[in-house]
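[1] sequence plus predicted model, see below.
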Amino acid sequence: MSYIDKIFPNPLPTVEELEAKYKRRDLPDGAKVTRVAPSPTGFMHIGGIYTALICERVAHQSNGVFFLRIEDTDTKREVEGATELICSSLANYDIIPDEGFDAFGNEIGSYAPYKQSARKEIYQAYIKQMLLDGRAYPCFATTEELEKLHHDQEISGARPGYYGRWAKYRDSPVEKIEEKLDAGVPFVIRFKSHGSYDNKIVIQDGLKGKINFPENDLDIVIMKSDGLPTYHFAHVIDDYLMGTTHVIRGDEWLSSLPLHIQLFKAMGFKAPKYTHIAPIQKMDGDSRRKLSKRHDPEADVRYYDTVGYPRVAVIEYLLNLVNSNFEDWRRNNQTKSYKDFPVSLNKLSPSGALFDFVKLNNISKEIISKMTTDEIYSAVYDWAKKNDSNLLALMDSNSDYIKAILSIERTGAKNARKDIAKYSDVPAEIEYFFDEKFAISDEMKNEIRSIKNYREIVNAYIPMFNENDSKDIWFGKMIDLASKFNFAKNGKEYKANPESFNGDISTLVKIFRILITGKTQTPDLSEIQHVMGKDRVLSRLNFVNEI
RNA sequence: GUCCCUAUCGUCUAGAGGCCUAGGACACAAGAUUCUCAUUCUUGCAACAUGGGUUCGACUCCCAUUAGGGAUACCA
């Protein structure tokens, strides 16, 4: 019994069987196969959605395949429920994998399993073959030994790492290996690199172009002592077997590219094309950094739901970072789906973009302003169900009234208002329509008191009030009041002779605006009066006598 | 320390040696629109990190410097 059988005592599939089982994909010319491969270590990061969006678009607009693979080889870091969260988050953002897992975590596709922990035997089959071929070896170095190695390298000025003459177990005699194995000493399997650090190699990246690297000479760990592969090895096996043509991933992987290329070569596999994208960053003091899971609530995709951004707004914002010509395209193709926009990988920025909420708000306002009243109502309703019970209760008992409120300067308007960036902005826009929420602050009362004859003006208006007045008729009445009470009918007239007027028309209207809404800034007053109805408006107007 | 990536208005960016007096969008400011706000329209503000080359000519190519980021794990 060879030492290899001692390492893998249980029967394993052979490499030939695996190659036969997982056939090369038969795809039309130019079809790209991409994948998103997150680790289930917590919530879904906005950067994960960003990368997934790019991968999904690139695959689907080339009639290719986009799949999801769960990279759970680090059992210590795995978080309960994280896989489900990944699946549902992708589905929420309409990033639908063709293979891997559906929105509910059910496995789909013919290259299964798509969860690395379930592929242990597959990796081991290849590792066994590498052991047989002399391209890998067991290493028994303890943590202490490795620490000492690094220390020694540091003081001698050598480059750190397990390589060449520092690779103590690289050429252990078989008897020594068997001895350790029999004694039950824990071990890992290392790749036996044939590379030389002095060799310069050139690698093509889809975004950064040709990059020069020293060749990899590190004997990296490919199988950990728990029998699971490391990322590097799993990546090579999986993306080969699953037929990935384009690996699009974060640029933190750029420096392991020489290793990955070498591994593909050593296995006799054709390497995929690589594109390394820069992460989304944020400003921290006066330096920028990656959006962090721990410190930035906006790193979690659920944040955007909680605050109430329409998901397409988030996607379109991200698309604008992916290709800056997206917004031009959007302007010229207002009714098309963002999925009709051709994403080009090489137009991505090679440096990381700062996440810009102001821009997100702008895009979101644009999108919400184009919704019909019913669309916005149901979107707000869905949001309230999960995030705002007060608003939900209000909507449940006043749905027609709230629809009417949301229609103001929206339905039939040539240019809809753009004052809602997120659904959590809605309560403030509608609350004053409800008597329970309506109040006039002391500050506002003082505003009214500062206007000459305010009580007489309002009392003069009450008899001629009609909630069905058109905008023009209503405004005509305001003008009449203005001339009766010596207010200028426009700003110019007032500015010409400020001392001969009590104010201008906007001052006069302000009395009514505060009385009716409690605010100085609102949508068109005639429409508000119409929506509020006669009784409510009159009772608010009559309140003037108590100010 | 070593290796790798990156560097244009406040932000996202256009720019493939002369089309650049450096373009657009967001933001900001001013003005216009029969009331405030939001729209809409007009106008304005504002950038090639620094220093060397190469070239008739450099935002663009090369080299250094500086500054950011990443890697250097039995994490991904």
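    Arrived safely. Numbers count the residues shown, from 1 in each chain, chains lettered A, B, ... in the order given.
[2] and for A:Lys422, the neighbour number?
    Residue neighbour count, defined by other C-beta atoms under 10 Å, stands at 19 for A:Lys422. Where C-beta positions appear, they are placed from N, C-alpha and C, glycine not excepted.
[3] can you tell me the closest non-neighbouring residue to it?
    A:Gly308 (4.2 Å; C-beta to C-beta, 6 or more residues apart in numbering).
[4] interface residues of the stretch 51-200 of chain A facing RNA strand B?
    Counting by C-beta under 7 Å from any atom of the strand, the stretch 51-200 of chain A comes close to RNA strand B at A:71, A:73-74, A:77, A:141-143, A:146, A:150, A:159-162, A:186-188.
[5] these in helices, which ones?
    A:Thr143, A:Leu146, A:His150 (DSSP state H).
[6] buried residues in the worst-scoring helix or strand of chain A on mean pLDDT, which are they?
    Least confident helix or strand, chain A: strand A:287-290 with a mean of 82, by mean pLDDT, DSSP states H and E. Across strand A:287-290, burial judged by 16 or more other C-beta atoms under 10 Å covers A:Lys290.
[7] can you confirm whether it lies near RNA strand B?
    Yes: with C-beta under 7 Å from any atom of the strand as the measure, strand A:287-290 is seen reaching RNA strand B through A:Ser287, A:Arg288, A:Arg289, A:Lys290.
[8] each with direction, which strands does that strand pair with?
    In the sheet, strand A:287-290 lines up against strand A:281-284 (antiparallel) (DSSP bridges).
[9] related to what we said a few turns ago, what subset of the residues of the stretch 51-200 of chain A next to RNA strand B is buried?
    Buried members of those, counted by 16+ other C-beta under 10 Å: A:Glu71, A:Thr73, A:Asp74, A:Ala141, A:Gly161, A:Tyr162, A:Phe187, A:Val188.
[10] now, which of these sits nearest A:Phe438?
    Nearest to A:Phe438 among these, counting by C-beta to C-beta, is A:Glu71 at 54.1 Å.
[11] give me the phi and psi for that closest one.
    Dihedral pair for A:Glu71: phi -100, psi 90, per degrees, to the nearest 10.
[12] any low-confidence regions in chain A?
    For chain A, the stretches with pLDDT under 70 are A:1.
[13] where along it do the strands fall?
    A:33-36, A:65-68, A:100-101, A:107-108, A:136-139, A:188-191, A:200-205, A:209-214, A:221-223, A:246-250, A:273-277, A:281-284, A:287-290 (DSSP state E).
[14] make JSON lines out of these and add distance to A:Lys120.
    Formatted as JSON lines, the strands of chain A follow (distance: least, C-beta to C-beta, whole Å):
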{"stretch": "strand A:33-36", "distance to A:Lys120": "19"}
{"stretch": "strand A:65-68", "distance to A:Lys120": "19"}
{"stretch": "strand A:100-101", "distance to A:Lys120": "18"}
{"stretch": "strand A:107-108", "distance to A:Lys120": "16"}
{"stretch": "strand A:136-139", "distance to A:Lys120": "16"}
{"stretch": "strand A:188-191", "distance to A:Lys120": "13"}
{"stretch": "strand A:200-205", "distance to A:Lys120": "30"}
{"stretch": "strand A:209-214", "distance to A:Lys120": "31"}
{"stretch": "strand A:221-223", "distance to A:Lys120": "10"}
{"stretch": "strand A:246-250", "distance to A:Lys120": "22"}
{"stretch": "strand A:273-277", "distance to A:Lys120": "26"}
{"stretch": "strand A:281-284", "distance to A:Lys120": "36"}
{"stretch": "strand A:287-290", "distance to A:Lys120": "31"}
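[15] for those, which one sits closest to A:Leu53?
    Closest to A:Leu53 of the strands of chain A is strand A:33-36 (C-beta to C-beta; 9.1 Å).
[16] the closest one pairs with which strands?
    Here strand A:33-36 has these sheet partners by DSSP bridges: strand A:65-68 (parallel).
[17] ok now the strand it pairs with, how far from the chain's centre?
    Centroid separation for strand A:65-68 versus its chain: 18 Å, with C-alpha atoms, centre = their mean, to the nearest Å.
[18] what comes into contact with it?
    Here strand A:65-68 makes contact (C-beta atoms under 8 Å, 6 or more residues apart in numbering) with A:25, A:27, A:31, A:33-38, A:55-56, A:59-60, A:86-87, A:90, A:96-101, A:109, A:111, A:114, A:242-243.
[19] quick one, which of these are buried?
    A:33-38, A:55-56, A:59-60, A:86-87, A:90, A:97, A:99-101, A:109, A:111, A:114, A:242-243.
[20] among the residues you listed, which are located in helices?
    A:Cys55, A:Glu56, A:Ala59, A:His60, A:Ile86, A:Cys87, A:Leu90.
[21] what is the neighbour count of the closest residue to the last one other than its chain neighbours?
    The one in question is A:Leu90. Of all residues not flanking A:Leu90 in the chain, A:Ala52 sits nearest, at 6.0 Å (C-beta to C-beta, 6+ apart). A:Ala52: 26 surrounding residues under other C-beta under 10 Å.
[22] could you do A:Asp469 as well?
    16.
[23] A:Met130: which of the residues of the stretch 51-200 of chain A next to RNA strand B is nearest?
    Looking across those and measuring by C-beta to C-beta, the closest to A:Met130 is A:Val188, at 13.3 Å.
[24] ok, that closest one - contacts?
    A:Pro138, A:Cys139, A:Val221, A:Met223, A:Lys224, A:Ser225.
[25] report the beta-bridge partners for it.
    A:Cys139.
[26] outside of stretch A:78-88 itself, list whatever touches it.
    Under C-beta under 8 Å, 6+ apart, the answer for stretch A:78-88 is A:38-44, A:48, A:68, A:70, A:72, A:101-105, A:115.
[27] please save the CA atoms from it in PDB.
    Only the C-alpha atoms of stretch A:78-88 are listed here, as PDB (Å, rounded to 0.1, in the frame of the first residue of the first chain):
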ATOM      1  CA  GLU A  78     -19.200  29.900   7.500                       C
ATOM      2  CA  VAL A  79     -22.300  31.700   8.800                       C
ATOM      3  CA  GLU A  80     -25.600  29.900   9.200                       C
ATOM      4  CA  GLY A  81     -28.200  31.100   6.700                       C
ATOM      5  CA  ALA A  82     -25.700  33.000   4.500                       C
ATOM      6  CA  THR A  83     -26.200  30.700   1.500                       C
ATOM      7  CA  GLU A  84     -29.900  31.300   1.500                       C
ATOM      8  CA  LEU A  85     -29.300  35.000   1.800                       C
ATOM      9  CA  ILE A  86     -27.000  35.000  -1.200                       C
ATOM     10  CA  CYS A  87     -29.600  33.100  -3.300                       C
ATOM     11  CA  SER A  88     -32.500  35.400  -2.300                       C
END
